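Undergrad: Compute the structure for the input listed below.
(3 chains)
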Amino acid sequence: MKPLQFSAPTSLDEALSLLSGAGDGAGVLSGGTDLIIQYREGHRALGQMVDIKKIPELNVLEFDPASGLRLGAAVSCAVLGEFAPARRHFPGLVESAELIGSTQIQSRATVGGNLCNGSPAADSVCSLMVLNAVCIVAGSGGKREIPAVEFMTGPGRTALQAGELLLEIRVPPPPPNSSDAYLRFIPRNEMDIAVAGAAVALTLEDDKRTVKTASTAICAVAPTPLMVPEAGAALTGAQMDDAALDAAARASEAAANPISDMRGTVEFRIHLAGVLTRRAAVIAKNRAAAN
Amino acid sequence: MSMDTKRIVTASINGAEISVMADNRMSLLEMLRDAAGLTGTKEGCMTGDCGACSVMMNGRVVDSCLVMAAEAEGAEIETVEGIADGKNLHPLQRKFLEHAALQCGICTPGFLVSAKALLEKNPDPSDAETRYWLAGNLCRCTGYQQIIDAVRDAAAEMRSSAK
Amino acid sequence: MAAFTHPNHGKYKVIGTRPIRHDGEDKVTGRARYGADVHQPGMLHGAVLRSPHAHGRILSVDTSRAEALPGVRAVATAKDLPELPDKVMASGEGIENQRYMSTRILAGEKVLFKGHPIATVAADDPWIAQDAAALIEVKYEVLEPVLDVLKAMEDGAPRLHDKITATLMGKKEQVDSNVCLHTRFQAGDPEAGFAEADLVIEREFRTKTVHQGYIEPHHATALALSDGQITIWTSTQGAFAVREQVATVLKKELSKIKVIPMEIGGGFGGKIPVYLEPLAVLLSEKSGKPVKMTMSRADIFQATGPASASASRVKFGFKKDGTIIAATFWAAYEAGAYPNIYGMMGAMCVLAPYKIPNGQVDVYDVMTNTPKVAAYRAPSSPQALFGVESVMDEASKALGIDPIELRLMNAAEEGEQRIDGLKWPRIGMIETLEAARDSAHYKSPAPSGPNQARGLAIGFWVNAGMQSSATVGINMDGTANVVTGSVDIGGSRASMAIMAAETLGLKAEEVRPSVGDTDSIGHTDITAGSRTTYATGHAVYLASLDAIEQMKPRVAKLWDCDPAEVVFEEGAFRSTKNGQEPMTVRQLGPKLPATGGPVQGQGSLMATAQGSGFGLHIADVEVDPDTGKTTILRYTAVQDVGTAIHPAYVEGQIIGGATQGIGWALNEEYVHGDKGELLNTGFLDYRMPTTLDVPVIETILVEVPNPGHPYGVRGVGETPIVPPLGTMGNAIAGAIGVRIRELPLSPPRVQAAIAAKENAAGKTEAARETTAKPVPAQS
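TA: So this is what the prediction gives:
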């Protein structure tokens, strides 16, 4: 293992200049819960680590009823979980972030890192997608926005260009009578990677029974987390009756395109995509109705 | 760009300011054990899956195997060696002994650090809350029951002595 | 040896109490020193080059680039190991052929599993050592691996070894086969028995390879001096076993090697074979410096001995009244890459718990391209009894007999002959079953919600005796120091102190127990086989008695009487002539120098009267029919423990063993890729139970004292891993209405079984609908 350079820039400009031209040999260290393992196990041959946690812009955590949530890329899942407005307005996002690893991992892992790591099983990415989140990234050419649904492009691959850094994630404010939920399936009750996951965000009509709009996404069942518009459509206009839930579940099953690996078979994952979509939809609806 | 691949890391470890020479490839775990000589923190997996290396870092419990040594610069670190108050064991340490909550003892330092963090956040955790908080600490000997009992018993004692 | 009668059972002063363990404060403050905590001045760091292939021939090994790397101080390969004979030696709980032991430590001609060590390097820091290992060039002829035990038995299967000496039904033969051992036990006439049976159930079972999963990785540090003296610091289940193995593989005299056992972070049978120790010694000999070796978690999973995968067929014949009239068991056990005997251990266990007039056991140890299997807590009994207890559960339902009553009417008891020829001494199978039957859990209504059920199964382990040594030194204040050779893996120091205190009339806190190195105490076998409290405890008892005998003349001198008039009863020396106030050891201690000097008692024995352990576990479960995930609602473990010396640690052994068994039953398994590589090499995907995966486990201690131990101790630690496999299998079968005979009962397997059942039912339903009035579809 070759010697490693390490820096912890305190400004965005400094970080971007460190990253520009460094290519794959530079690793962006946020929570480190993926990067350090990949580095140590030889999956990432790094000559340099750039710790971005000291950059003020990456530590923003705010909620504004008009503009929504701003979640800095270096904010840990534990800090997000303690942020009451996030829990209130985006319980599904918070629960998906809090499912990532143990208490110890929570202290370090970030939603930003979950995005940038590019895992098909990224729990919080599913939630960001159904909430129409937008990722703000910066590079030597300035800042740009990438919708969360477009951020991941394949297993371990993202829309980030070389030298670009994820700054923050913005989640639009939820309309009235809205809520979200995320469920995943793991063999144990903690410490596993999702075999499959499903997120649902929805808005109810004023009757608090009928679904006005719904969006759903599934993960660990395709090369990237996947929006399932057909499932959202199946729920829209319905009152969470069995027919609508069945249709949503079948839409997720149809959209799922998983592989078999040691965490689950194709059949089991497809089946779970439906089960979890159905269950998450019920939870999201109950939450929205209680809002 | 030329940068050093080793550095002197200065951190507050169990309340003492300590400076050690650390290779940038080192984890905080290796820095504590090999450079600072604090071998109470244990390695179990080096992948953040067992919690044996749990330490407090700036008020939060972390797996020290998944923290780079260089990140500890200026940090406040507390390890199992810092849990007792001088010669007085922490209630958690006493209760672990009274409940026979350890067999081989290798996971014990991590459980103690993690449990102490829990009780600082929640002085009256339920059985379920205790189990959820400690799910990242693997124990292969005890089956956990005595550990959960010890943590909740320590919490009860700490609550009654705080009154 | 005359049987002990235990007149004081239940009336002991110290035995049965729960003192704070003597090594406790060290372990809650981080001061206890484990293998990884060893640091020697000038220490080098070792690394191992391991085979990337599961099976292959080594064509060449070129270490020149590694040797040339700055900072590298020594490189060793199989060429540095002495030639060893084709000779089998006992090794811990298993056996090891010396020639194979050498090639297991460092591969010579062939690599036999992924992770097989090929070369080792010592360097100034661990990064250089790893880089150097990666610079070693090995050319392989890659061969097809065989991992499945049944495939490995086939004629055309890839062969691991060209010719092996196999033991087939007692006869040694040179064979060209992957079967290294065929064990057969017979009793009566099984065919005639089955012909008489009213109910015959024959089923096949599979279990996967599982790992002990100790949290502490393997470590070894060695210093070899130029005069031939060697010191090894390591975490092991047996310092003397390490010394013997290193001496064998490196051809040394035992007296040249000192092994210092550090605290050990779990073993469960897996820290008996040596892996790193001979390499550290080799590298220290070459470099002249102390060398520390460590294993990563991935190395541990893919290159240390796990527990056997198995394939078995169980056939039981019953009379209508529930009596077992005949039983047969056929099984193949994974041996790993070298000859092994763990299948034989399964053969010893499988039919032992029940009275079986007509039976046959045929078990094959089969070599596969996986690391040599090692002991894991009651080695091989869980796999065997999983099948037997599943069949017993089916029989109880088919016969309409309560499952505990069915087991009670067939329970093994004192005087009965086992199928392996041994005659049962006093055992507590019946008392265990009765205690389970009378337990609050079993008397409570079984859960009756959808997808809920109760299951139960028994477990059994023979337990080990073996060699132990102890000394008891009486201090000048009358307190005592106990030294044994048994490493303390789970509170045994406290047990030793309790037994010495009971014998000497002291308090547990007045005895200081410690673990000696190989220079400071007589030979002591491994901390394994549930033997430590039993056998080493017996040695402590003998050493305490020896100290008492040595003290009697001192008391006589003080009392100016005949030593024959001095007895030691109820914790004090007493005069049979009634002329003297009793004198305790505490009172005598200060007078020892003036009456003849120090007193040190010695105790050593080859213990052979271990009592076997029986347990029964009861679980109430609920299965999520959509995901196949099992939740345990309530769990009770009942076990005959002989005498509970320190009940808290006895309960701890039972709860911990049950938890490992639950992990084995529900989620743990080795998953291999198609090239024979292990895929789940870490705790992320080798899914051991977390705090959230096990319920409160209630324990019920049954005490049927072992007549072979002065205080009635039976081994406790291993039995509790056995029942959970059958218990969970039976409970889940009840909950989902379909029986799964392959472990683990992981969510995908359970969900698939439910789906298959529903599909079959759906087809039946559809067939019926052609004649019945259609009903509206329900979700």
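
Undergrad: okay, the longest helix anywhere in chain B in PDB with CA atoms only?
TA: The longest helix of chain B (DSSP state H) is helix B:145-162. Presented in PDB, the C-alpha positions along helix B:145-162 are these (Å, rounded to 0.1, in the frame of the first residue of the first chain):
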ATOM      1  CA  GLN B 145     -28.900 -10.600  27.500                       C
ATOM      2  CA  GLN B 146     -26.600  -9.900  30.300                       C
ATOM      3  CA  ILE B 147     -25.200  -6.900  28.500                       C
ATOM      4  CA  ILE B 148     -28.600  -5.400  28.000                       C
ATOM      5  CA  ASP B 149     -29.400  -6.100  31.600                       C
ATOM      6  CA  ALA B 150     -26.200  -4.500  32.800                       C
ATOM      7  CA  VAL B 151     -26.700  -1.400  30.700                       C
ATOM      8  CA  ARG B 152     -30.200  -0.800  32.000                       C
ATOM      9  CA  ASP B 153     -29.200  -1.600  35.600                       C
ATOM     10  CA  ALA B 154     -26.400   0.900  35.300                       C
ATOM     11  CA  ALA B 155     -28.900   3.400  33.900                       C
ATOM     12  CA  ALA B 156     -31.200   2.900  36.800                       C
ATOM     13  CA  GLU B 157     -28.400   3.300  39.300                       C
ATOM     14  CA  MET B 158     -27.200   6.500  37.600                       C
ATOM     15  CA  ARG B 159     -30.700   7.900  37.600                       C
ATOM     16  CA  SER B 160     -31.200   7.200  41.300                       C
ATOM     17  CA  SER B 161     -27.800   8.700  42.300                       C
ATOM     18  CA  ALA B 162     -28.500  11.800  40.200                       C
END
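
Undergrad: What residues does the closest residue to C:R57 other than its chain neighbours make contact with?
TA: Sequence neighbours aside, C:E141 is the residue nearest to C:R57 in space, at 4.2 Å (criterion: CB to CB, 6 or more residues apart in numbering or on different chains). Yep, even glycine has a C-beta here, placed from its N, CA and C like the rest. C:E141 makes contacts with C:G56, C:R57, C:L59, as judged by CB atoms under 8 Å, 6 or more residues apart in numbering or on different chains.

Undergrad: Out of those residues, which is nearest to C:D321?
TA: Using CB to CB, C:G56 comes nearest to C:D321 of the contacts of C:E141, at 57.5 Å.

Undergrad: and the nearest residue to the closest one once chain neighbours are set aside, bridged to which residues?
TA: Leaving aside its chain neighbours, C:G56 sits nearest to C:Y140 (4.1 Å; criterion: CB to CB, 6+ apart). As for beta bridges, C:Y140 partners with C:I58 under DSSP bridges.

Undergrad: and the gap between C:Y140 and C:I58?
TA: From C:Y140 over to C:I58 the distance is 6 Å, taken as CB to CB, to the nearest Å.

Undergrad: Over to C:G24?
TA: 49 Å.

Undergrad: for C:S287, same thing?
TA: For C:S287, the distance to C:I58 - CB to CB - is 24 Å.

Undergrad: now do C:A197
TA: Counting by CB to CB - C:A197 and C:I58 are separated by 54 Å.

Undergrad: Mind listing what's buried along stretch C:315-322?
TA: C:K315, C:F316, C:G317, C:F318, C:G322 (16 or more other CB atoms under 10 Å in any protein chain shown).

Undergrad: For residue 23, give me its contacts.
TA: Picking chain A for this. A:A162.

Undergrad: wrong one, I was asking about chain C
TA: So C:D23 contacts B:G105, C:A32, C:E263, C:D488, C:R493 (CB under 8 Å, 6+ apart).

Undergrad: Quick one, which of the residues you listed are buried?
TA: Looks like these have B:G105, C:A32, C:E263, C:D488, C:R493 buried, using 16+ other CB under 10 Å.

Undergrad: between those, which is nearest chain A?
TA: For the buried ones among the contacts of C:D23, the closest approach to chain A (CB to the nearest CB) belongs to B:G105, at 19.4 Å.

Undergrad: That closest one and C:R21, how far apart?
TA: B:G105 is 9 Å from C:R21, by CB to CB.

Undergrad: now, which of the buried ones among the contacts of C:D23 sits nearest C:V350?
TA: C:D488 (32.1 Å).

Undergrad: what are the phi and psi angles of the closest one?
TA: phi -100, psi 100 (degrees, to the nearest 10).

Undergrad: same question, A:G274
TA: phi -70, psi -50.

Undergrad: and it, what does it touch?
TA: A:G274 touches A:A249, A:R250, A:S252, A:E253, counting by CB under 8 Å, 6+ apart.

Undergrad: so which residue of the stretch 401-550 of chain C comes closest to chain B?
TA: C:G490 (3.6 Å).

Undergrad: Was I right to think that residue contacts C:A648?
TA: No: using CB atoms under 8 Å, C:G490 makes no contact with C:A648, being 11.0 Å away.

Undergrad: who's more crowded, the two?
TA: C:G490 (26 against 19; other CB atoms under 10 Å in any protein chain shown).

Undergrad: pLDDT below threshold where in chain C?
TA: For chain C, the stretches flagged by pLDDT under 70 are C:1-2, C:763-779.

Undergrad: Next SSE downstream of the strand ranked longest in it?
TA: Identified as the longest strand of chain C according to DSSP state E is strand C:324-336. Per DSSP states H and E, the first helix or strand lying C-terminal to strand C:324-336 is helix C:342-350.

Undergrad: helices or strands next to that next one in the packing?
TA: Under the contact definition 3 or more CB pairs under 8 Å, 6 or more residues apart in numbering or on different chains; DSSP states H and E, helix C:342-350 sits against strand C:179-187, strand C:324-336, strand C:359-367, helix C:381-399.

Undergrad: how about these, which one is nearest chain B?
TA: helix C:381-399 (15.8 Å).
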